[in-house]
Structure formats: structure tokens, C-alpha cells
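S.K.: Provided below for reference: sequence and predicted model.
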Amino acid sequence: MATVKPSILVVDDDASVTMSLSMLLKREGFAVHTAHQAAEACEIIEHHKVDLVIQDMNFTQETTGIEGMQLLAELKAHSPDLPIILMTAWGSIDLAVRGMKAGARDFITKPWDNRQLMSVVRTSLCLNATHPTTQMTREELDEHYDFNTIVGEDPQLLRVLETIGRVAATDASVLVLGESGTGKEAVAQAIHANSKRRSKPFIKVNLGGVSSALFESEMFGHVRGAFTDAKTDRLGRFQMAHGGSIFLDEIGDLDLASQVKLLRVLSERNYEPLGSSKSVRADVRVVAATNRDLAAMVAEGSFREDLLYRINLITVNMPPLRKRSGDIALLARHFLANAAQSHGLGQTQLDGSAVSWLKQQTWPGNIRELKQTMERVVLMTGKTHIGVQDLEAVASSHGTTSKPGLPTVGEMTLDEIEIAMIDKALKHHDGNVSRAAKSLGLSRAALYRRIEKHGLHI
């Protein structure tokens, strides 16, 4: 029995564009319809089965996107689940952002790269496939995917694993949100491990530690002589990740000037190393992460809205450990066993009172804090049987039982609250910036920027 080809509608008033895309898509095994006007596109949707639409945002002499937005609205009204990919010029990305707010799945910039376009098409079709109607068990998930670096059975975690398992096979950009220490990097690694890029590099970048002055050199590389100290050519992180995945951690700490440069590369999928005129293709899968509220940052003007829409085709929210109480004992035993093995101890156990004590803690540092606690109790006690008194002794010696509280809000501004929290954290950690930053869920560089911003003294 012949396989039914997915059907794609291409809408653009430029006949050369529809012809080029039609030839490309047919060569890749798709059935293609073309339309040069909005009314013609609506007629095709009405009478034919269409699985995906590639739509230009401007028609004829119209450059404001009004006609494109109207067509998008009509298509979504007719078929709410229909994936729509928008086409626009680099200078009109704001149109694409408006379109994605209105329900479009993704956007590409003209002139497009054929490989990037086909990746976006296949990703959109894959994401639109029927979702499972029942949640998979941990055993079922482990049968289908490689999640050996992620421990837990809590229903919230299983929903996260099911999502990343489903999207891993695509090239969809993923934004992982969650408090510091919740396992965002482990999610990024799991996405890569279950992707078609798994045999290629997985490159991690802490953007909170990359200054604006060094951003281009760090991310895109440089050639010899590009600046005074450039004695040799240097590969950037994007080139290191070529063919694989790049993990952009702490993307919320990136300054606005660097955000523009990153957006251009992610949209056009090419870049030039610093000091070079040669364009390099960016063949990478992007996973970004932050513990900050990017939507609020967009509203205050500190994060670009178009970059947010470029990196969050799929959003994964990692629950804090306090909302995964059922996993605390499981994680504690896992970390305890690993620590005991690393230090040459035999089988190590937690008694019932110790487990109860662990479940009563709030774990502001989440999984990372729990892991450190179990490693410390092994190092400090050397015991193979851990009781509540051992955990309390470790917590007391490291000051983890009395975290600084939130300031009283009242009439305080957001800046005043931030200043109060930084001041409390620095005092609590005796001026140790590294520890204060960690307790606040920030990188050391990000905390220094905030200290400088508010004119604080350590």
C-alpha cells in the first residue's frame, strides 16, 4: 500500500519563490500546492487536505504585513492545529514575532537555506503528530529513550521526560526553565542523547560568564590578527558544536548587544568568525536554559522578544525539588550510593528518620543541594548507615538549615527587592560572592553585574 505524502501549501506572491520551494519540497517527497494570493490559499485549504503551510508575510507592494496577518488568522480559524511556517526578511522579524503570537509555529528568513528550511518543515510536521493520550510510566519511557542521567518517578517529571523524548528526534529549539539546581543541564543532555545528532558534539556555554566584549570571539571564533592578542585562529563554540547540539545556559543573563548577534545567527544559520569575511554555516541544535522570567524581562526591555520566540519553539518547565517530594528519597539514595562508591565505602543506607528529615527540608538549591548534602555526609561521617543526626550535623556545619528569608515587599520596587536579597545573601555568606551567587541561583559574573548595577559594596 502506497504511503500518503504529507501535503504542503506554499503561499507567496513571487512566482519564482513558489516555484523554487515547490521543486525543493517535491524532491524531498512532499505533495505541494502553491498560491500567489490570500484568497487562492483559502480556496485550497477549503478543498484539499493540507498538513503544513509555508506563508510569506508580505504580498504585492504590501510591506506592513497586514494581509499576511489576515491570511494567518483565516487559516488558523479554519484549521486551528495546522502548523504554519512564516517567511520574512531579516529586517521584518517583528512581523514574524507578531505572527507567532497569533499562532504560527515557526519562521524563516529570506533568503533561506534549503537544509534549514527542510529541518523546520520536518520538525513542524513531527511536532504536530498525534500526542499520547495516556502518560507513560518510567519503565515505558526507559524502554523508548535514554534517560539514564535523570533520576525520578514523580508524575511532573514523567511529563517532562515524555515531552523531551517526543521532541528530541526533531531539530526544534527547546527552552528549559526552572530554578537553579533543578536539572536543566541534564534535560539538555537527554535531548541530545535521544536526537539524531547524538554521535556529534554536545557543547555547553554558560552565557552568564561571557562578557559582551568577548561574545563574538567566544561564540563564533576569531582568526589570527583579528585583534591585538589574537596570535592564532580560535574555534568558536558554534563551530565546536557543528553537526551536534549547543546548550546555551543562563541565556537570561545575556546583554542586549549580544542578544542581537545571537538572534541573527539563529535566524540566518550562518556567521562570520571575528576578523574573517568567510561565512560559516551554523548546523546546530539549540537548547537554552534560564532560571529567570524571560517574559517579564521582555516587558521591561532587558530581553528581546524576537530572540525569545526563536529559542522557545518548545518550552520545558523543570519542577523544583520541593514539588517532587516523592523523588527526594530516591534521589538521596542514588547520590549516597554514588558518593559511597567514589570514596571506597560499602553499601550505605539511610534510616527512616533520615528520609523523613530530608522530605521536610525546602531545598532552595534543589537537586544540586541534595546531591552536595549526601556527598558531605559521606565525607564527614564515613558511615555506612546514615541517621537524622548525621544529616543535621552536616546541615549545621554548612549553614544550610537557616537560609536568608525574602525581604518584606510592602511598597518596595523590584530593584529594592533585588538589592535586599543580594545584601542578605552576601551577609549570610560573609561576603563570599561565589556562595552568595549560588544561593541566589546566579552565576558569579551575573551577581557581579547586579552589584555594579546597584552600586553595592561587598
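M.R.: Here it is on my side, so go on. Numbers count the residues shown, from 1 in each chain.

S.K.: can we go C-alpha only for contacts and neighbour counts from here?
M.R.: Will do.

S.K.: can you tell me what sits against the lengthiest helix in the chain?
M.R.: As assigned by DSSP state H, the longest helix anywhere in the chain is helix 325-342. Contact with helix 325-342 is made by 151-154, 321, 346-350, 355, 358-359, 367, 370-371, 374-375, 378, as judged by CA atoms under 8 Å, 6 or more residues apart in numbering.

S.K.: and with 6 Å instead?
M.R.: 152, 371, 374, 375 (CA atoms under 6 Å, 6 or more residues apart in numbering).

S.K.: tell me which residues in that helix are buried?
M.R.: 325, 327-329, 331-333, 335-340 (16 or more other CA atoms under 10 Å).

S.K.: name the strands paired with whatever helix or strand comes next after that helix and say parallel or antiparallel.
M.R.: Using DSSP states H and E, the helix or strand that follows helix 325-342 in sequence is strand 349-350. Applying DSSP bridges, strand 349-350 is found paired with strand 385-386 (parallel).

S.K.: past the strand it pairs with, which element shows up next along the chain?
M.R.: Past strand 385-386, the next helix or strand by DSSP H and E is helix 388-397.

S.K.: can you dump the C-alpha atoms of that following helix in PDB for me?
M.R.: C-alpha atoms of helix 388-397 as PDB (Å, rounded to 0.1, in the frame of the first residue of the first chain):
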ATOM      1  CA  VAL A 388      19.000  12.100  61.100                       C
ATOM      2  CA  GLN A 389      21.700  13.300  63.500                       C
ATOM      3  CA  ASP A 390      24.300  12.900  60.800                       C
ATOM      4  CA  LEU A 391      22.300  15.000  58.300                       C
ATOM      5  CA  GLU A 392      21.600  17.700  60.900                       C
ATOM      6  CA  ALA A 393      25.300  17.900  61.700                       C
ATOM      7  CA  VAL A 394      26.200  18.300  58.100                       C
ATOM      8  CA  ALA A 395      23.500  21.000  57.600                       C
ATOM      9  CA  SER A 396      24.600  22.900  60.600                       C
ATOM     10  CA  SER A 397      28.200  22.900  59.700                       C
END
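
S.K.: low-confidence bits of this protein, can you list those?
M.R.: Counting by pLDDT under 70, the chain shows low-confidence ranges at 1-3, 60-64, 130-134, 398-416, 457-458.

S.K.: centroid residue for the chain?
M.R.: By CA atoms, centre = their mean, the chain has its centre lying nearest to residue 175, at 2.3 Å.

S.K.: tell me how many other residues crowd the residue lying closest to residue 357 once chain neighbours are set aside.
M.R.: Nearest residue to residue 357 in three dimensions, chain neighbours excluded: residue 388, at 6.5 Å (CA to CA, 6 or more residues apart in numbering). For residue 388, the count of nearby residues is 16 (other CA atoms under 10 Å).

S.K.: is it correct that residue 388 is in contact with residue 354?
M.R.: Yes: at 4.2 Å, residue 388 counts as touching residue 354 under the criterion of CA atoms under 6 Å.

S.K.: and residue 32, backbone torsions?
M.R.: When read as degrees, to the nearest 10, the backbone of residue 32 gives phi -130, psi 130.

S.K.: gap between it and residue 173?
M.R.: Going from residue 32 to residue 173 by CA to CA, to the nearest Å gives 26 Å.

S.K.: can you pull the contacts of residue 202?
M.R.: Residue 202 touches 244, 245, 246, counting by CA under 6 Å, 6+ apart.
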